[in-house]
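Asker: With the sequence up front, the predicted model follows.
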Amino acid sequence: MGVIYMGDYNINGLAIPLFLIFMLLEYLFLKIQGRSLHRYNDSVTSLSMGILLLLSDSILKAYTFMVFIYLWENFRLFNFATSEVATWIIFFFLVDFCYYWFHRTAHEINFLWGAHVGHHQSEEYNLTASLRQSAFQYAFSWVFYLPLALLGCPPIAFLILFIALKIYQFWLHTQAIGRIPLIEGILSTPSSHRVHHAKNPIYINRNYGGTLVIWDRIFNSWQPELANQTCHYGTTHPLKTLNPIYGNLQHWSILVKDTIKTKKWSNKIKLWFKPTGWRPEDCQNKELNQSLQQKTGCEKREKYDPQVSLLVKIYVGFCLLSIIALTVMFTFLAPVLNVSQLTIGALLILFGLVVTTDFLEGNKKYVLIEIIRLPALAWFLSTLWLTTSTTHISDTITMNKSPHEVLTYASTPALWQEWHPQSSKVKVKSQGPLQTGDKFEEDVLTAIGKNHFNWEILSSTPGVIWVAKADNQENGVSLVLTYKVENINGNTQFIRELDYTMPNFLFLVANEVFFRRNIKNKSESELQRLKAVIESKNSHLTTSR
């Protein structure tokens, strides 16, 4: 049975290009209909906050998920198997149930609202708003799912169901889809979620469901979209900035200021745990006749929409695309980056977002700093792009021939086509086993076409070990192939180890999502063919050169 050892990667960021495609399609669809429901600066801010979420998640999720796994391994009350359909059905409902209570609590408790408010700050409602999330939300939400570990939800099942829930919510953030017959009031839909995002008084604090809205109906938080109540979006206390960092800190900054200002010590503590909008009497703005952050609705107001030139918008678009490229690579590689690389990457992303949104507000205070930021960004992008990674695949099989016979046959490239179907052509001088220093060439049929390998034998000890390395002349992939044999109770244990190194980011991604599994499956299949061929030979295998 083979084992694969490989650094873990964070694949969340790989979804960004797909999300961008859907956002573009929504924009074009609405334009064809003559509806203008996007603003350039609002969309840039939404994407910027989504990038900050990915940045924080790449740091937080690995550690918080370890807590879930620890509880499941040591304290679970029941055992559920991922092979059972009931496991997936039960925990589909329970994951959604936990999300409902996190979501509802985040709207109703002051300090938790600070970790969620960013998702509601957009004054537009389109697919870009789905990525507009608070960077701190996951720092609190993961706690609400820990009971599932105690109930015995397999970690892999939780992870898949949680990701499915989050992906499902993406399409809810659109005005391009009206009410959907049959499923309204059962599943979350764009219509029910528009209600949740609206700041109209009748819609405030309604429809918390993630995938299902049955919890809203059970716990009295359900409200259908009304034909005579057009949804108005945003928060009752507007953000009035495009800066994504301040957007994440807006509500908490109000709480901190009130904590300092209020005179009663009890209020300094209660303020953080009271219902959203509660403020001490000595902190309230009497002129507004309502707290700054309370969610009781407000009239439709003029949107925050600073105007800049087309040239600035083009430059911001270029900067944002480069930041998105950096974010995709950075989040994917985060688990294997060192502390200095993590720090540099995070700072480049953070400062890049501040600069671009500041330009969209018509400011020029960061113009000179761009002389440093842009070269640093280009350098770090190239560094991440050229990141290499080595995957180790090991497979073992037992044969009823002697170690010497097995290794003699396996280390004869002239015979590889007998058991290695991907080997289309081998150019080698010797028809026998190769030894240290020998070289040969091979054409291999891969998933991306025919590739040419130049091989060199690094080490050869008859009946013990054979090691060769190869360089792919088409794409720069390199590999080291090791054959080991050992006599076990009269049979031969044959170990095949393959270490292949991917030369850049694109190949790392392809390896993670496709190549690694494909190569592993082929390796196991090839060893079965090797065993069948060797054991079918009646005479001793040749040792001639």
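Answerer: That came through, no problem.

Asker: Give me the domain ranges for this protein.
Answerer: The chain is divided into the following domains under automatic domain parsing: 8-247, 310-385, 390-536.

Asker: okay, these in TSV with mean neighbour count and distance to residue 282 next?
Answerer: Placement of C-beta: from N, CA and C, glycine included. Shown next, in TSV, are the domains of the chain (neighbours: other CB atoms under 10 Å; distance: least, CB to CB, whole Å):
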stretch	mean neighbour count	distance to residue 282
domain 8-247	18	17
domain 310-385	16	33
domain 390-536	17	55
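
Asker: Dump those to a markdown table, plus distance to residue 275 and mean pLDDT.
Answerer: What follows is the domains of the chain, written out as a markdown table (distance: least, CB to CB, whole Å; pLDDT from 0 to 100):
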| stretch | distance to residue 275 | mean pLDDT |
| --- | --- | --- |
| domain 8-247 | 6 | 93 |
| domain 310-385 | 31 | 94 |
| domain 390-536 | 45 | 93 |
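
Asker: Can you lay out those as TSV showing distance to residue 279?
Answerer: As requested, the domains of the chain are exported to TSV (distance: least, CB to CB, whole Å):
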stretch	distance to residue 279
domain 8-247	9
domain 310-385	28
domain 390-536	48
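
Asker: where along the chain do the strands fall?
Answerer: Using DSSP state E, the strands assigned to the chain run over residues 3-5, 389-399, 423-427, 439-446, 449-461, 465-472, 478-488, 491-502.

Asker: The nearest residue in space to residue 91 that is not next to it in sequence: what's it in contact with?
Answerer: Nearest residue to residue 91, sequence neighbours excluded (CB to CB, 6 or more residues apart in numbering): residue 153, at 4.8 Å. Going by CB atoms under 8 Å, 6 or more residues apart in numbering, residue 153 touches 72, 80, 87, 91, 94, 95.

Asker: before we move on, what about residue 470?
Answerer: For residue 470, the contact set (CB under 8 Å, 6+ apart) comprises 442, 453, 454, 455, 456, 478, 479, 480, 481.

Asker: Try it again at 6 Å.
Answerer: Taking CB atoms under 6 Å, 6 or more residues apart in numbering as the criterion, residue 470 is in contact with 453, 455, 479.

Asker: and the gap between it and residue 478?
Answerer: Counting by CB to CB, to the nearest Å, the gap from residue 470 to residue 478 is 7 Å.

Asker: Then residue 390?
Answerer: For residue 390, the distance to residue 478 equals 9 Å [CB to CB].

Asker: Distance to residue 29 added to the strands of the chain, as TSV?
Answerer: Converted to TSV, the strands of the chain look like this (distance: least, CB to CB, whole Å):
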stretch	distance to residue 29
strand 3-5	43
strand 389-399	39
strand 423-427	47
strand 439-446	39
strand 449-461	37
strand 465-472	43
strand 478-488	46
strand 491-502	38
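
Asker: and of the ones you listed, who's closest to residue 518?
Answerer: Smallest distance to residue 518 across those (CB to CB): 9.2 Å, for strand 439-446.

Asker: Pull the distance from that closest one to the chain's centre.
Answerer: Average the C-alpha atoms of strand 439-446, do the same for its chain, and the two points are 35 Å apart (CA atoms, centre = their mean, to the nearest Å).

Asker: For it, enumerate the helices and strands it packs against.
Answerer: In this structure, strand 439-446 packs against strand 423-427, strand 449-461, with contacts taken as 3 or more CB pairs under 6 Å, 6 or more residues apart in numbering; DSSP states H and E.

Asker: can you give me the offset of the longest one from its chain's centre?
Answerer: Which is strand 449-461. How far strand 449-461 lies from its chain's middle: 36 Å, per CA atoms, centre = their mean.

Asker: cool, and the first one?
Answerer: For strand 423-427, the gap between its own C-alpha mean and the chain's C-alpha mean amounts to 39 Å (CA atoms, centre = their mean).

Asker: got the contact list for it?
Answerer: Strand 423-427 has contacts (CB under 6 Å, 6+ apart) with 413, 416, 417, 441, 442, 443, 444, 445.

Asker: Grab the nearest non-local neighbour of residue 226.
Answerer: Nearest to residue 226 is residue 202, by CB to CB, 6+ apart, at 7.3 Å.

Asker: so where do the helices sit in the stretch 251-400 of the chain?
Answerer: In the stretch 251-400 of the chain, the helices defined using DSSP state H, counting those that start in this stretch lie at 265-273, 310-333, 339-360, 370-385.

Asker: Indicate which one of those is closest to residue 63.
Answerer: Nearest of the helices of the stretch 251-400 of the chain (CB to CB): helix 339-360, 13.6 Å.

Asker: could you give the angle of the closest one to helix 370-385?
Answerer: With axes from the mean of the first three to the mean of the last three CA atoms, to 10 degrees applied, the angle from helix 339-360 to helix 370-385 works out at 130 degrees.

Asker: Just list what helix 339-360 packs against, helices and strands only.
Answerer: helix 40-75, helix 310-333.

Asker: Please compute how far it lies from its chain's middle.
Answerer: 19 Å.

Asker: angle of it against helix 310-333?
Answerer: In terms of direction (the same axes, to 10 degrees), helix 339-360 departs from helix 310-333 by 160 degrees.

Asker: which residues touch helix 339-360?
Answerer: Here helix 339-360 makes contact (CB under 6 Å, 6+ apart) with 41, 48, 55, 242-244, 308, 312, 316, 319-320, 323, 327, 330, 366, 377, 380.

Asker: change it to 8 Å
Answerer: Outside of helix 339-360, the residues within contact range by CB under 8 Å, 6+ apart are 40-41, 44-45, 48, 51-52, 55, 59, 241-245, 306, 308, 312-313, 315-316, 319-320, 322-323, 326-327, 330, 334, 337, 365-366, 369-370, 373, 376-377, 380, 383-384.
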